[in-house]
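# Provided below for reference: sequence and predicted model.
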There are 2 protein chains.
Amino acid sequence: MAKKASSRLEWRINVPDGASKVLEPESGAVGKIWVGLKGCMGIIVLKVWRVLENAWPIGVADPRKVIHCIKVGLALSIVSLFYYMRPLYDDFGGNAMWAVMTVVVVFEYTVGATFYKCINRVIATFLAGALGVGIHLVAEQSGDQLKPIILGISVFLFASAATFSRFIPSVKARFDYGAMIFILTFSLVSVSGYRVVELFELAHLRLSTIAIGTSLCILVTMLFCPVWAGCELHHLIHQNMEKLADSLDGCVTEYFKENGSEKDLNKKMKGYKCVLNSKAAEESMANFARWEPTHGRFNFRHPWKQYLKIGASLRNCAYCIETLNSCISSEIQAPPCLRKHFSNKCMKASSYSINVLKELVITIVKMKKSSNIDVKVAEMNFAVEELVDALKSLPTTHFIATTTGEESTKAKAEGVEGSEHPSPIMKVLPLVKVVSMMVEIATRIGGVVNAVEELARLAEFKAAKDGKPKQNQPTDKLVADH
Amino acid sequence: MAKKASSRLEWRINVPDGASKVLEPESGAVGKIWVGLKGCMGIIVLKVWRVLENAWPIGVADPRKVIHCIKVGLALSIVSLFYYMRPLYDDFGGNAMWAVMTVVVVFEYTVGATFYKCINRVIATFLAGALGVGIHLVAEQSGDQLKPIILGISVFLFASAATFSRFIPSVKARFDYGAMIFILTFSLVSVSGYRVVELFELAHLRLSTIAIGTSLCILVTMLFCPVWAGCELHHLIHQNMEKLADSLDGCVTEYFKENGSEKDLNKKMKGYKCVLNSKAAEESMANFARWEPTHGRFNFRHPWKQYLKIGASLRNCAYCIETLNSCISSEIQAPPCLRKHFSNKCMKASSYSINVLKELVITIVKMKKSSNIDVKVAEMNFAVEELVDALKSLPTTHFIATTTGEESTKAKAEGVEGSEHPSPIMKVLPLVKVVSMMVEIATRIGGVVNAVEELARLAEFKAAKDGKPKQNQPTDKLVADH
């Protein structure tokens, strides 16, 4: 489909070119309008072209989005059958419109979001319909004079109250759409009830068409390549964890590297920015995930909220990596000899920290308790302590040498550092910053470990059978059977 | 209204109490059901009560939310008149439903969001209606056999394409709602066209009812206490800036304080967390703000995107304050004598940084270029340099004293530090971290200054007339007249 569109556009994009050739011979008002129109067309075509240029990589990067579009088309085509097949049309008539409308409005990208909207729509329609009919009956017994007043006031009150409920965070997270549908149905029922006598039949028809629309949506969204919000959240969290590990690796390697920066490294380093910005996505996915039925390795009451806590602890780490990253790009750098002194210890601490993160990634991917996470955490803490010890031993080996030994300073000034004479503390300062950030990152990785262990407890992850899981093992096949 | 609700609830809340008294004498199936029902009711009442408890402070904190609810009720009551007044009903009949529906769906909290939805709805309905009628005409000429096939395929194709366009970020930001309405209208028109012959009249009626609904929404939202997304964004940005200044102040005061922590300080310190989490809110407001017409001090083409850049630079600062905050709560602290040595310089640097932020707040609030921001930035930089100089001078005054003079170390060990003997670098480490964070924060505040100056250039802020604006001046009355 997209290929077809692109070839059509290539043809179109030639139009302005052709126009510029013919531009001169034409004259008069008609010619000017013609040229103006062509210019406008050219601009519109260029804008559409640019939008399509943006669209192409989106489809390539995630084919499930293309599949989603096909699913929407499919659901709409199926629901259109109600209009084309006479027996169905005779049953529902103009009310079949509600089925089409339901499909358009309710069909979302993830199963969870579709469930959320379907359940909200059905319950809210039912509640509002019942309330509307009830108030209509009360109003009918009050006489023709009072009836519109009672109906008007009830619409005002219920609409205001339902609108206000949408501001309450707990209601907004779960029933925002339901509140809107409640207002909609209630106003329509109580207002149209003024004219239509067969309210009960209308309510029945509307509910059944909505039920048809929602069940069709649920069927299509679950049967054809379902996209589960829960799975997406699960993936997002462990991908973010990997990105964080990569950023940490990239930052430390970049800082202690000997030669010029590599391009790949630079891209790798920026992964923490995704972690910083994924809060909103995580929250909406966790909101939708709890509407989803048991699927794959996730049961209905999977602790999705704990994922948010893991996400928060990851962001906590990411803040530190952001600061670490700014240390790297700062102008004042520690002298090479000092950097060499710390290079090994720092790289060791970072690689052990990364090991811990990678182990957590495996825990989450496999959904099995890791048997050697404690060992890895201990290794990380030990490496960090070694790093701190190296820092502790600095003053006696380095400070005094530079502050009391005048000759050595002079010799150095002629050597590597050139003409600048930074004071000794300023020389160590950048390194001290990097080291203290490494320590802080290790502490915060401890927070991530706790959050993941809490998840393992809540979701009842099984213990891994093999003592040393290999990283290359195909993880997709390993399904925890709870 | 809420008061009334609370008194009603107090009455209701007594029901479970009363039930527990009668619980024992009753027996049999009916009694059990009765008890069960009462228990359910009690739980529901408690849940509703808790929701209302959450709702009350929301309304108190921002009465505009209550006003918004009243506005929704008002708009719905007005649009209901179409049903109650015979001449209007005779004109529109059942189609008046679309006006009610439009009001419910389109009415949003901010003017910008309402405009966004109104404009999207009208344009999308018009485009989809025209396209639907066009395709219907083509299908009609292809004979009765081909007609449903052509219609079905066109619904499938256009619905899929419009759904895909919603994944493109630039389309999603501006036309997400429009794309949905396009699919809805197009399917309804091409599907219902199969039966209804008077398509043109239907399209005309639907467009005019939607026009009535949208114009009513726009009138109500703009005339009664309008909430402008642009103003909200403007407020959010300068409030965040103030919160950042307060956090910085709180953190530094907390670190160098002599006595126990104050409660107020602790609350003040956490302000940076709001800044960290406000990205999503800023983006949605900026999206809505560009739909808003000229209002107050903001014209139609106000550079809202620049506010996002200021927000990003504020978050950049907030990351550093987050790290600074973790320094404060860390276990290892610098010895008091050292802290005292730095206390003044650090407090000075932080207060000058806060001055810069406060000056920027005034610039944004007044929308006038500050005449003395350069002076304040220079002061901040000077204070930071002094701080760095103090750090530079440390080794000669402190390190050597502790590492070479054995006696002084012993004396100290018996004195303030007690029995612990941290190595000299470990003593300074926490201070070095705090100082380097202060330096980094000052650098990043420089970034905020640049972003605000760019805003002043883009939005053509006027130069402030008085050289030294007083902070206590009532800023609300100062309106830049562009």
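Sure, I can see it. Numbering: from 1, shown residues only, chains lettered A, B, ... in the order given.
# check the secondary structure at A:Pro293 for me.
At A:Pro293, secondary structure determined by DSSP: H, G, I helix; E, B strand; the rest coil is coil.
# next, the closest residue to it other than its chain neighbours: secondary structure please.
Nearest non-adjacent residue to A:Pro293, counting by CB to CB, 6 or more residues apart in numbering or on different chains: A:Phe300, 6.0 Å away. Quick note: C-beta positions are derived from backbone N, CA and C, even for glycine. Of the three states, A:Phe300 takes coil under three-state DSSP.
# quick check: phi and psi at A:Phe300.
The phi and psi torsions at A:Phe300 (degrees, to the nearest 10) take the values phi -60, psi -40.
# same check on A:Lys369?
Here is the backbone geometry of A:Lys369 (degrees, to the nearest 10): phi -60, psi 140.
# quick one: neighbours of it, just the number.
A:Lys369 is flanked by 17 other residues according to other CB atoms under 10 Å in any protein chain shown.
# also A:Phe300?
By other CB under 10 Å, neighbour count at A:Phe300 equals 10.
# test my guess that it contacts A:Ala289.
No - taking contacts as CB atoms under 8 Å, A:Phe300 lies outside contact range of A:Ala289: 10.3 Å.
# now A:Gln280: how far from chain B?
Check again: residue A:280 is Ala, not Gln. Per CB to the nearest CB, to the nearest Å, A:Ala280 is found 4 Å from chain B.
# then A:Ile168?
5 Å.
# give the contact list for that residue.
B:51, B:54-55, B:58 (CB atoms under 8 Å, 6 or more residues apart in numbering or on different chains).
# select from those the one having the most neighbours.
B:Ala55 (20 neighbours).
# who touches that residue in this structure?
A:164-165, A:167-168, B:2.
# ok, the residue nearest the centre of chain A - contacts?
By CA atoms, centre = their mean, chain A has its centre lying nearest to A:Ala281, at 3.0 Å. Going by CB under 8 Å, 6+ apart, A:Ala281 touches A:Leu236.
# all helices of the stretch 101-250 of chain A, in order?
A:111-140, A:143-165, A:169-192, A:199-223, A:229-256 (DSSP state H, counting those that start in this stretch).
# what does the stretch 251-400 of chain A give?
A:263-269, A:271-276, A:279-289, A:304-328, A:336-366, A:373-392, A:394, A:400-403.
# remind me which helix or strand the closest residue to A:Asn381 other than its chain neighbours belongs to.
Leaving aside its sequence neighbours, A:Asn381 sits nearest to A:Ala442 (CB to CB, 6+ apart; 6.9 Å). When elements are assigned from DSSP states H and E, A:Ala442 belongs to helix A:424-458.
# any buried residues in that helix, and which?
A:424-449, A:451-453, A:455-456 (16 or more other CB atoms under 10 Å in any protein chain shown).
# over to stretch A:305-320?
Buried, per 16+ other CB under 10 Å, within stretch A:305-320: A:306-311, A:313-320.
# can you list those residues in JSON lines and add distance to chain B?
Below are the buried residues of stretch A:305-320 laid out as JSON lines (distance: CB to the nearest CB, whole Å):
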{"residue": "A:Gln306", "distance to chain B": "19"}
{"residue": "A:Tyr307", "distance to chain B": "17"}
{"residue": "A:Leu308", "distance to chain B": "13"}
{"residue": "A:Lys309", "distance to chain B": "15"}
{"residue": "A:Ile310", "distance to chain B": "17"}
{"residue": "A:Gly311", "distance to chain B": "12"}
{"residue": "A:Ser313", "distance to chain B": "13"}
{"residue": "A:Leu314", "distance to chain B": "14"}
{"residue": "A:Arg315", "distance to chain B": "8"}
{"residue": "A:Asn316", "distance to chain B": "8"}
{"residue": "A:Cys317", "distance to chain B": "11"}
{"residue": "A:Ala318", "distance to chain B": "9"}
{"residue": "A:Tyr319", "distance to chain B": "5"}
{"residue": "A:Cys320", "distance to chain B": "6"}
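# those residues: which two are farthest apart?
The largest separation in the buried residues of stretch A:305-320, counting by CB to CB, is between A:Gln306 and A:Cys320 at 22.0 Å.
# what residues does the stretch 1-150 of chain A put near chain B?
Neighbours of chain B within the stretch 1-150 of chain A, by CB under 8 Å from any CB of the partner chain: A:1, A:51, A:54-55, A:58-59, A:65-66, A:68-70, A:72-74, A:76-77, A:80, A:83-84, A:89, A:94, A:97, A:100-101, A:104-105, A:148.
# PyMOL command for the buried members of these?
Remark: buried members of these, expressed as a PyMOL selection using 16+ other CB under 10 Å:
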select buried, chain A and resi 55+59+65+66+68+69+70+72+73+74+76+77+80+83+84+89+97+100+101+104+105+148
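# now distance to A:Ser154 too, for the helices of the stretch 251-400 of chain A, in CSV please.
CSV is the format used below for those (distance: least, CB to CB, whole Å):
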stretch, distance to A:Ser154
helix A:263-269, 60
helix A:271-276, 48
helix A:279-289, 31
helix A:304-328, 37
helix A:336-366, 51
helix A:373-392, 59
helix A:394, 77
helix A:400-403, 83
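# okay, the buried residues of stretch A:305-320 in a markdown table with pLDDT and distance to A:Met285 next?
Formatted as a markdown table, the buried residues of stretch A:305-320 follow (pLDDT from 0 to 100; distance: CB to CB, whole Å):
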| residue | pLDDT | distance to A:Met285 |
| --- | --- | --- |
| A:Gln306 | 92 | 13 |
| A:Tyr307 | 92 | 8 |
| A:Leu308 | 92 | 9 |
| A:Lys309 | 93 | 14 |
| A:Ile310 | 93 | 13 |
| A:Gly311 | 93 | 10 |
| A:Ser313 | 92 | 17 |
| A:Leu314 | 92 | 15 |
| A:Arg315 | 91 | 15 |
| A:Asn316 | 89 | 20 |
| A:Cys317 | 90 | 20 |
| A:Ala318 | 91 | 18 |
| A:Tyr319 | 90 | 22 |
| A:Cys320 | 88 | 25 |
